[in-house]
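**Q** Sequence and predicted structure are below.
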Amino acid sequence: MSAPRREFAPAKLNLTLHVTGQRADGYHLLDSLVVFLDVGDVVTVADGPLSLELRGPFAAELAADPDNLCLRAARLAGRDAAIVLEKNLPVASGIGGGSADAAAVLRALGATPEHPEMLGADVPVCLASRHTRMQGLGEVLTPLPALPPLHLVLVNPRLSLSTPLVFRSLARRDNPPMPDALPDFVDAGALITFVAACRNDLQPPAIALMPQIADCLAVLDGAGAVLSRMSGSGATCFGLFDSPADAQAARDRIAAENPGWWVAASGLAS
Ligand SMILES: C[C@@](CO)(OP(=O)(O)O)[C@H](O)COP(=O)(O)OP(=O)(O)OC[C@H]1O[C@@H](n2ccc(N)nc2=O)[C@H](O)[C@@H]1O
Ligand SMILES: Nc1ncnc2c1ncn2[C@@H]1O[C@H](COP(=O)(O)OP(=O)(O)O)[C@@H](O)[C@H]1O
């Protein structure tokens, strides 16, 4: 009998997301700066028959059915486990909650399946949960050197968006990648300047499908963000602020003015 293991499943954020091509099987080639945050879900794994209990603010939006990525991860690892998922992140929201949960279950089980990407294109990057340049379909991973601190606010309008639909709605699939060699991110200013010169190519089609995303970006800009952008296939948007105090003040103001939204202040995971 071993002690229960608790694993943090940090939110994944695409600071940039360039869609540079499409394979014959329909999957897209990506070039993305992926970072991990200090907000996230929490997974606890104990000995026992395979089971899943959901807790936390977004538990009601998920079912503990066999398709849940926590259970799929344990089955891929070939292991029984009593899993508890504290669901703090909104579901299907472009910040990798399900992928982060699956990766956390694999870490907690000490499992290293040969093909973790079978659980989702974002699972390989979430396994290490360190800041990474992610290319290919999500499997070409180049860890980044330590990054300067960032002060973020995340905003989600509590509307979920279908990832395949957003990819299908792209106007072009052959957009330019990020530069081959990334600059040294000597301070937050250098990182933000670089990110500002890049894109999330999924943002325009996502806004066309869900105009409320443009409202989220406008609200972040109005609250003083030095840069605002959508993460992943949406709908979560992030704003970058000058200081933790600025980010917290913006979070409080945005949350007070938009009671239906999920709004969180966060730094980068250490
Ligand atoms: C877009 C990204 C960017 O980080 O993030 P999210 O919006 O999911 O957070 C990911 O590539 C998503 O990863 P993940 O959510 O694990 O994707 P999967 O379940 O494997 O795929 C969902 C669907 O997205 C599309 N897809 C995904 C990855 C990829 N490289 N090309 C694609 O075309 C496919 O239509 C696929 O059926
Ligand atoms: N543990 C889980 N957490 C979140 N979503 C899950 C989980 N298990 C299965 N899913 C399903 O996976 C899909 C993608 O969810 P999620 O990973 O949160 O999206 P995204 O990567 O866009 O943030 C959702 O439609 C959801 O129903």
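**A** Perfect, thanks for sending it. Ligands and ions are numbered 1, 2, ... in the order given.
**Q** Give me the nearest residue to the closest residue to ligand 1 within the stretch 51-200 of the chain, chain neighbours excluded.
**A** As assessed by Cβ to the nearest ligand atom, ligand 1 sits closest to G120 within the stretch 51-200 of the chain, at 2.8 Å. The way it works is simple: take the backbone N, C-alpha and C, and place the C-beta from them, glycine included. Closest residue to G120 apart from its sequence neighbours, by Cβ to Cβ, 6 or more residues apart in numbering: S99 at 4.7 Å.
**Q** what about the one you found, neighbour count?
**A** 26 (other Cβ atoms under 10 Å).
**Q** Hmm, it is touching L127, no?
**A** No - at 9.2 Å, S99 does not count as touching L127 under the criterion of Cβ atoms under 8 Å.
**Q** which SS class is G224?
**A** Classification of G224 by DSSP: H, G, I helix; E, B strand; the rest coil places it in coil.
**Q** ok, back up a step: show me the contacts for the residue nearest to G120.
**A** Each residue near S99 by Cβ atoms under 8 Å, 6 or more residues apart in numbering is listed here: 12, 69, 119-123, 125-126.
**Q** Make sure it is indeed in a strand.
**A** No - per three-state DSSP, S99 lies outside any strand segment and is helix.
**Q** That one and ligand 2, how far apart?
**A** Distance, S99 to ligand 2, using Cβ to the nearest ligand atom, to the nearest Å: 5 Å.
**Q** per-residue confidence at that residue?
**A** S99 is assigned a predicted lDDT (pLDDT) of 97.
**Q** ok, now the one 10 residues further on?
**A** L109 carries a pLDDT score of 97 in this model.
**Q** What is the neighbour count of P244?
**A** 14.
**Q** For the closest residue to it other than its chain neighbours, grab the count of nearby residues.
**A** Spatial nearest neighbour of P244, chain neighbours left out: H151 (5.1 Å); criterion: Cβ to Cβ, 6+ apart. As a burial measure, H151 scores 22 neighbours (other Cβ under 10 Å).
**Q** Would you mind listing what in the stretch 101-250 of the chain touches ligand 2?
**A** Within the stretch 101-250 of the chain, the positions adjacent to ligand 2 are 101, 122, 163, 232-233 by Cβ under 6 Å from any ligand atom.
**Q** how many other residues sit next to the residue of the stretch 101-250 of the chain found nearest ligand 2?
**A** Residue of the stretch 101-250 of the chain nearest ligand 2, by Cβ to the nearest ligand atom: D101 (4.0 Å). For D101, the count of nearby residues is 31 (other Cβ under 10 Å).
**Q** That one against R72, yeah?
**A** No - the criterion here is Cβ under 8 Å, and D101 misses it with R72 at 9.9 Å.
**Q** What ranges does the stretch 151-270 of the chain have for its helices?
**A** Using DSSP state H, counting those that start in this stretch, the helices assigned to the stretch 151-270 of the chain run over residues 163-168, 188-197, 203-209, 212-222, 244-257.
**Q** can you put these in TSV and add mean pLDDT and distance to ligand 1?
**A** As requested, the helices of the stretch 151-270 of the chain are exported to TSV (pLDDT from 0 to 100; distance: least, Cβ to the nearest ligand atom, whole Å):
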stretch	mean pLDDT	distance to ligand 1
helix 163-168	97	4
helix 188-197	98	15
helix 203-209	98	9
helix 212-222	98	12
helix 244-257	98	21
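**Q** Tabulate those helices in TSV, adding columns for distance to G267.
**A** Output for these, formatted as TSV (distance: least, Cβ to Cβ, whole Å):
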stretch	distance to G267
helix 163-168	26
helix 188-197	11
helix 203-209	23
helix 212-222	16
helix 244-257	7
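**Q** which residues touch G267?
**A** 37-38, 149-152, 244.
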